[in-house]
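Engineer: Dropping the sequence and predicted coords here.
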Amino acid sequence: MACRLKSMKELAREVMKRNCQEHEHEEMERTRQQQTLTKERKKARHTVNGNAQEAAKANQTKVTKKPRRVPEKMLDVSLTIGIPGENVDKKLFDLLVNWLEHRAEIAVLVLERGDAFLQLHLQGMLRAKSSSMTILKREIKEVIGWQWNLPVGGSVCLKSLREKGLHTVIGLIGYCLKDEGAPHFRFYSKNITEEQKAEGRRMHSIYGVSEYKHKLELTPANILGRALQFRKYRVKNPVSITFRRCIAEMLRSGQYIPAFRWLTSAKISRLRAERIWHACTTPDSVEVADVETIFFGLETPARYFETKEKKTTAESDGPNVDDESELPRQSSAGDDEETSTIPRVELDKCLNSGASLQRVREALLQAGFAVGINTSVKQENPMEHIPEYFRLWD
């Protein structure tokens, strides 16, 4: 009996062992199938045009390459730092000077005003080693604090020298010295000799100065704004200067010229044209009288009448307004009092009663005035067509 129980236990153990082996075999087979399926999916993902073997091989041999280091080279660049409509902070000049001392081989840096709007900005030239202009520009922005706090409209402009005209090392030295002697001017140089400065001034006189280059035209639209800018930044005693004197100083500076738009009459004024020519060619000798003639004064009284009115006047028996000798003259002190007062009373009646333009003109002539009135204008209010000035004939 005991032997039979022992044999049954051994049989049960063998059955359990066999079942465990079969279960492990099934698990291994299932795992192998899953691994095979995963590999096939990976091969399909890397397959290009059905070539699974080449894709798998490329995936196995793929090696991450390190970025190639770009060698540094010597760069000659021009530098401009400014903010449109505003003055740059003068502290930027000191920050850049400290950076140029250890970073640049040669350098020139100035604080100057622009020709157009007279705003302070930094201008310079430097020679330094860098792998690219972008890296050098980023480095300058970090020095002046503009990398993350860039002012509205602020810009750092770097340009490679073209080695032509003023866009050379010597030419830019002379260009940076154009404001030399001005109260706002600040200058820094590194490894620049006096001979190079003298040669730069000579090149700037050849390539940078001409009759109209960098000169601003004074037009009726911008003359007031330009004068206010000039008064604010260039005039030593701006309180006492008049508008005409300010314009004269602007023309004398050689940076401004009167636009020929001021010659607006049908026939060009000879005197005004000569004064404009004089202001353009010899600005140092401009006087207030020239300003008066160009911008404000008239060479002769206003043109009296249009062609149609001249024809009407010629047909009538009235005086010839083109001839000053035929115009009525102001009554003298010895004339009868009634003769001197009646025309003026008649003039007041015409102006107050809304008379025609022709009637107002005749009343003005009788009162002793010579004035141009355009009768071709549609009559609304005669006072609107009477000029602001009258010429009293004595």
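Structural biologist: Arrived safely, thanks for sending.
Engineer: State the mean pLDDT of stretch 183-195.
Structural biologist: Averaging pLDDT along stretch 183-195 gives 92.
Engineer: no, scratch that, I was asking about stretch 41-48
Structural biologist: Rounded mean pLDDT across stretch 41-48 is 63.
Engineer: same deal with stretch 238-246?
Structural biologist: Mean pLDDT, computed over stretch 238-246, is 82.
Engineer: go on, stretch 13-25?
Structural biologist: Mean predicted lDDT for stretch 13-25 stands at 77.
Engineer: quick one: buried residues of that stretch?
Structural biologist: Buried residues in stretch 13-25, defined by neighbour count with 16 or more other C-beta atoms under 10 Å: none. Backbone N, C-alpha and C define where each C-beta goes, glycine included.
Engineer: Based on its surroundings, how many neighbours for the nearest residue to I276 once chain neighbours are set aside?
Structural biologist: Of all residues not flanking I276 in the chain, P258 sits nearest, at 5.1 Å (C-beta to C-beta, 6 or more residues apart in numbering). Neighbours of P258 under the rule other C-beta atoms under 10 Å: 25.
Engineer: ditto for I257
Structural biologist: 19.
Engineer: And the helices in this protein?
Structural biologist: 2-45, 52-61, 91-103, 133-144, 169-176, 194-203, 223-233, 243-252, 270-281, 288-291, 307-315, 337-353, 357-367 (DSSP state H).
Engineer: Return the helix or strand in this structure with minimum mean pLDDT.
Structural biologist: The helix or strand of the chain with the lowest confidence, counting by mean pLDDT, DSSP states H and E, is strand 391-392 at a mean of 35.
Engineer: hang on, the earlier thing: so the residue nearest to I276 is in contact with D290, correct?
Structural biologist: No - using C-beta atoms under 8 Å as the test, P258 is too far from D290 to be in contact (9.3 Å).
Engineer: Quick check: end-to-end length of stretch 280-287?
Structural biologist: 13 Å (C-alpha to C-alpha, to the nearest Å).
Engineer: Need the overlap of contacts for P258 and D290.
Structural biologist: Common neighbours of P258 and D290 (criterion: C-beta atoms under 8 Å, 6 or more residues apart in numbering): L251, A279.
Engineer: any idea how far the residue nearest to I276 lies from T242?
Structural biologist: Distance, P258 to T242, using C-beta to C-beta, to the nearest Å: 17 Å.
Engineer: Repeat that for K42.
Structural biologist: Distance from K42 to T242, by C-beta to C-beta: 88 Å.
Engineer: These two: who's more crowded?
Structural biologist: Each of K42 and T242 has its neighbours counted (other C-beta under 10 Å); K42 has more, 14 against 10.
Engineer: how far away is the more buried one from Q35?
Structural biologist: K42 is 11 Å from Q35, by C-beta to C-beta.
Engineer: returning to what we had before: who does the residue nearest to I276 form a beta bridge with?
Structural biologist: Applying DSSP bridges to P258 gives these bridge partners: L218.
Engineer: so what's it up against?
Structural biologist: Going by C-beta under 8 Å, 6+ apart, the list of residues near P258 reads E217, L218, L251, I276, A279, C280, I294, F295.
Engineer: who's in contact with stretch 187-194?
Structural biologist: Contacts for stretch 187-194 (C-beta under 8 Å, 6+ apart): 93, 97, 100-101, 104-110, 173, 176-177, 180, 197.
Engineer: Quick check on these: which are buried?
Structural biologist: For the contacts of stretch 187-194, buried by 16+ other C-beta under 10 Å: F93, L100, A104, I106, A107, V108, L109, V110, I173, C176, L177, K197.
Engineer: Hmm, the fourth one is touching I173, no?
Structural biologist: No - counting by C-beta under 8 Å, I106 stays clear of I173, with 9.6 Å between them.
Engineer: and the nearest residue to I247 once chain neighbours are set aside, how many residues sit next to it?
Structural biologist: Distances taken as C-beta to C-beta, 6+ apart place V291 nearest to I247, at 4.9 Å, with adjacent residues excluded. Residues near V291, counting by other C-beta under 10 Å, number 24.
Engineer: And V291, how far from R275?
Structural biologist: V291 is 9 Å from R275, by C-beta to C-beta.
Engineer: ditto for A128
Structural biologist: 51 Å.
Engineer: pretty sure S285 is touching G254, no?
Structural biologist: No - assessed by C-beta under 8 Å, S285 is found out of contact with G254, at 11.5 Å.
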